[in-house]
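S.K.: Sequence plus predicted model, see below.
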Amino acid sequence: MIRPGTVLLALALGAPAMAQEAEREEILAFDVAIEVGDGGAMTVTESIRVRALGQDIRRGIYRDFPTSFPRSSGLGRIEAPFAIRSVTRDGQRENYVVEAIGGELGRGGMRVRIGRGDVFLEPDIYTYELVYQTSRWLHFGQDEDRLRWNVTGNGWAFPILSASARVHLPDATTAPDLEHWTGREGSRSSTATASWDPAERTAVFATDQRLAPNEGLTVGLTLPAGQLTPPTEAERDAWFRLDWGGYIDAGYVVLFVLGVYLLMWRRVGVDPQAAPSSLRREPPEGYSPAALGFIEQRGYHPSQLAAALVSLALSGAVRIEEDDGAWTLHRTDEGTTDPSPEERELYDGLLGRRRQIALKQTYHDTIGSAIRAFKKSLERRFEREYFRNNRIWFAAGLAISLLGLATLAWRWRFDINPVSLFLTVWLSFWTLGVTTLFWRLVQQFRSARAGGGPAAWASTGFMALFSIPFVVAEVFVAGILTMMMPTHLLLAAIGVGVTNVVFYHLLERPTLRGRGLLNRLDGFQRYLDGADDRALHGGDRLARFEQFLPFAIALGLEKRWSEAFEDVLTPALATAGGSTAVLPWYVRDHTRSSLSTGRLTSGLSSGLSSSISAASAPPASS
């Protein structure tokens, strides 16, 4: 049953008054006058006379009014307009504030807090009067018009000695059918009386005995259709805007953010037109594997690190050793070619002052410093000359997105539970931690799958078990937040979030020089992907596999590249009894497990890159 009011409570804590045996706090009278206007608009005047003794009623009272109801479809709401016109205490204007509240079964409403936080009431009898306007409580049907109104609400903590309601229907020409109910919510019994005054066109309801706590008075009026003026089309349009306004505003915000990003993309993000490319059996000259991967992916990726190490190993400067998922790099001082600047930075950082280094967190300072120098070298040489990330433009778009969501939240602040705001901030920081844990877990899983032994899998399992409580908390709080937040705000956040993710990549673009290089690189990628099968099966195939393996790793094509040589590489590895005889730069303990072509390439790409990335992270403190 629709209820216009509930619980009468204190506004704040104060010093308790002396217990009084003869008197107690109660509602002496609850009298309501309702003026029904055109379209079902109602002006309601409530007069609430209370005895306050400083027990629960200390600074004032508050009144709750339901104004928002979920639709049966689960999408959208029915919103009843509500506006306070005046609030007085004993005929004098009284302070009040209005705030949004939630209710049972997904309902929401407004709470009017009456009183001042710095003023305590003296024990006495006070009369509060509230005047407010609302609508959409009358049902206009084909055969009859009906009004149901919960006069007092059913959540009062105090008894109500008397309650009454006067409903004025200025357009009624015949007496309506009158109904009334008293008691707890859902009660169909009544201890009230009802009468119709035809001269005043007013229905009068009154209780004839007191109402206990959590009991209230509800009245009903039913008239033949046509006696009351129905709402106009303009009013119905306004109600539609009120019901669906949150979704309409959310759509405006998403479209506005999308429009801003489209303008940015047209301004700085449109790629130069790509020219047709022909198949190339050699990579573009003058670029290391890591450099080509950096330009093709428009930024750093761990696979470029693995490609650089394999390239250094192929040149003879480094020997890579793997033992049960543990990786070690050895300096050989036998390099036959000059490494590229980024490879030189990586080599000097890892092995410039030592003969070997194990990829363990024990050396996270050295490994992390070498990786940073490697990345900076790539960024310094290629980032601005070959492509533009346009991160400043994206930052501006992100700021506009956040501003749009903040404006939407402020626009519909009365629909938001304040607790949900706290949970949103908490979940944002919690998600950062969960994301870090997940990334660590992915790295360890890749390292273990690429050839790690029992120790690597045990470490991965421990990390997975350690992460479960954090992920469960993430899902649990996200579920609560989803239920607490208005649906239109969630949809707007999803729409804006997806838009930002998409344009984070769309705003990136190659320069004209970068576009020319990518055209040449595209032809070589087609070759690595197996487009020229005849060329892959001629000459010294093992030498060709080694020659372009670093490029395949950097460009994410190592699987396809290795599959083209599986028929020659796998038998060679099996015959030689391990990798050393076939690939002298890669030493692996083959007694633990056999080395297939797939295990070889996955170990040198995902396994090596994951291990060195994990080793660069400082160990978690206790």
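M.R.: Everything's here; your move.
S.K.: my read: R319 touches H330, true?
M.R.: Yes: in terms of C-beta atoms under 8 Å, R319 counts as a neighbour of H330; the distance is 4.3 Å. Where you see a C-beta, it was placed from the backbone N, CA and C, and this is true even at glycine.
S.K.: who's more crowded, the two?
M.R.: Between R319 and H330, counted using other C-beta atoms under 10 Å, R319 has the larger neighbour count: 19 against 16.
S.K.: pLDDT score for the more buried one?
M.R.: pLDDT for R319: 92.
S.K.: Need the residues that contact the strand or helix carrying it.
M.R.: Under the criterion of DSSP states H and E, R319 resides in strand 318-323. Contacts to strand 318-323, defined as C-beta atoms under 8 Å, 6 or more residues apart in numbering, come from residues 309-310, 312-313, 327-332, 347, 351, 451, 584-589, 603-604, 607-608.
S.K.: same check, this time on stretch 126-136
M.R.: With C-beta under 8 Å, 6+ apart as the contact definition, stretch 126-136 has outside contacts at 4, 39-50, 52, 61, 63, 65, 67, 78-91, 94, 112, 114, 231, 235, 239.
S.K.: returning to that earlier point: pairing partners for the strand holding R319, with directions?
M.R.: Here strand 318-323 is paired, per DSSP bridges, with strand 326-331 (antiparallel), strand 586-588 (parallel).
S.K.: can you redo those as JSON lines with mean pLDDT?
M.R.: Supplementary listing: these in JSON lines, determined by pLDDT from 0 to 100:
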{"stretch": "strand 326-331", "mean pLDDT": "90"}
{"stretch": "strand 586-588", "mean pLDDT": "81"}
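S.K.: Tell me the first helix or strand C-terminal of the lowest-mean-pLDDT helix or strand in the chain.
M.R.: Counting by mean pLDDT, DSSP states H and E, the chain has its least confident helix or strand at helix 533-536, which shows a mean of 64. Toward the C-terminus, helix 533-536 is succeeded by helix 541-554 as the next helix or strand (DSSP H and E).
S.K.: Which elements pack onto that next one?
M.R.: When contacts are defined as 3 or more C-beta pairs under 8 Å, 6 or more residues apart in numbering; DSSP states H and E, helix 541-554 packs onto helix 289-296, helix 302-314, helix 512-528, helix 558-563, helix 566-576, helix 597-602.
S.K.: Make CSV from those helices and add mean pLDDT to it.
M.R.: Formatted as CSV, the entries for the helices and strands packed on helix 541-554 read as follows, by pLDDT from 0 to 100:
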stretch, mean pLDDT
helix 289-296, 94
helix 302-314, 92
helix 512-528, 91
helix 558-563, 86
helix 566-576, 72
helix 597-602, 72
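S.K.: Let's have the ones you listed in a markdown table, adding distance to L491.
M.R.: As requested, those are exported to a markdown table (distance: least, C-beta to C-beta, whole Å):
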| stretch | distance to L491 |
| --- | --- |
| helix 289-296 | 36 |
| helix 302-314 | 35 |
| helix 512-528 | 37 |
| helix 558-563 | 39 |
| helix 566-576 | 49 |
| helix 597-602 | 40 |
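S.K.: Could I get the full set of strands for the stretch 401-550 of the chain?
M.R.: 509-510 (DSSP state E, counting those that start in this stretch).
S.K.: residue ranges with poor pLDDT in it?
M.R.: Applying pLDDT under 70 to the stretch 401-550 of the chain flags residues 414-418, 443, 446-456, 531-539.
S.K.: So which bits of stretch 64-74 are buried?
M.R.: Of the residues in stretch 64-74, those with enough neighbours to count as buried (16 or more other C-beta atoms under 10 Å) are D64, F65, P66, T67, S68, F69.
S.K.: Also stretch 307-319?
M.R.: Along stretch 307-319, these residues count as buried under the neighbour rule (16+ other C-beta under 10 Å): A307, A308, L309, V310, S311, L312, A313, L314, S315, A317, V318, R319.
S.K.: residues contacting P81?
M.R.: For P81, the set of contacting residues under the criterion of C-beta under 8 Å, 6+ apart consists of T67, Q133, T134, S135, R136, W239, L242.
S.K.: and which of those is nearest to W457?
M.R.: Sorting these by distance to W457 puts T67 at the head of the list, at 57.4 Å, by C-beta to C-beta.
S.K.: next SSE after the helix or strand containing V97?
M.R.: Here V97, judged by DSSP H and E, is contained in strand 96-102. Beyond strand 96-102 in the direction of the C-terminus, DSSP H and E gives the next helix or strand as strand 108-115.
S.K.: Please spell out the segments of the stretch 251-400 of the chain that come in under the pLDDT threshold.
M.R.: The model of the stretch 251-400 of the chain has no residue with pLDDT under 70.
S.K.: Can you show me the helices along it?
M.R.: 289-296, 302-314, 341-351, 364-378, 384-386, 391-411 (DSSP state H, counting those that start in this stretch).
S.K.: could I get the ones you listed as TSV with distance to G433?
M.R.: Compiled in TSV, the helices of the stretch 251-400 of the chain are given as follows (distance: least, C-beta to C-beta, whole Å):
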stretch	distance to G433
helix 289-296	29
helix 302-314	21
helix 341-351	29
helix 364-378	19
helix 384-386	34
helix 391-411	21
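S.K.: Can you check which of the ones you listed gets nearest to A458?
M.R.: Comparing the helices of the stretch 251-400 of the chain against A458 with C-beta to C-beta, the closest turns out to be helix 364-378 (20.8 Å).
S.K.: contacting residues around the closest one?
M.R.: 290-291, 294, 300, 304-305, 308, 341-342, 345-346, 348-350, 357, 359, 612-613, 615-619.
S.K.: returning to that earlier point: how distant is the strand holding V97 from the center of its chain?
M.R.: From the chain centre to the centre of strand 96-102 is a distance of 26 Å (C-alpha atoms, centre = their mean, to the nearest Å).
S.K.: Just checking: what are the partner strands of it?
M.R.: Strand 96-102 has its sheet partners listed here by DSSP bridges as strand 108-115 (antiparallel).
S.K.: on that earlier part again, show me just the buried residues among the contacts of stretch 126-136.
M.R.: Neighbour-count burial (16+ other C-beta under 10 Å) is assigned, among these, to 4, 39-50, 52, 61, 63, 65, 67, 79-80, 82, 87-89, 94, 112, 114, 231, 235, 239.
S.K.: ok, back up a step: quick check: angle from the strand holding R319 to helix 341-351?
M.R.: Using axes from the mean of the first three to the mean of the last three C-alpha atoms, to 10 degrees, the direction of strand 318-323 lies 50 degrees away from that of helix 341-351.
S.K.: Report the contact partners of V151.
M.R.: Contacts were defined as C-beta under 8 Å, 6+ apart; by that measure V151 touches P4, F30, V32, A163, A165, F205, G216, L217, T218, V219.
S.K.: Can I have the buried ones of the contacts of strand 318-323 as a ChimeraX selection?
M.R.: Below is the selection syntax for ChimeraX that covers the buried ones among those, with 16+ other C-beta under 10 Å defining burial:
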select :309,310,312,313,327,329,330,331,347,351,451,585,586,587,588,589,603,604,607,608
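S.K.: ok, back up a step: and the contacts of helix 364-378, which of them are buried?
M.R.: The neighbour count (16+ other C-beta under 10 Å) marks 290-291, 294, 300, 304-305, 308, 342, 345-346, 349-350, 357, 359, 612-613, 615-616 as buried among those.
S.K.: about what we covered before: check the contacts of V151 against V471 and report the nearest one.
M.R.: P4 (43.8 Å).
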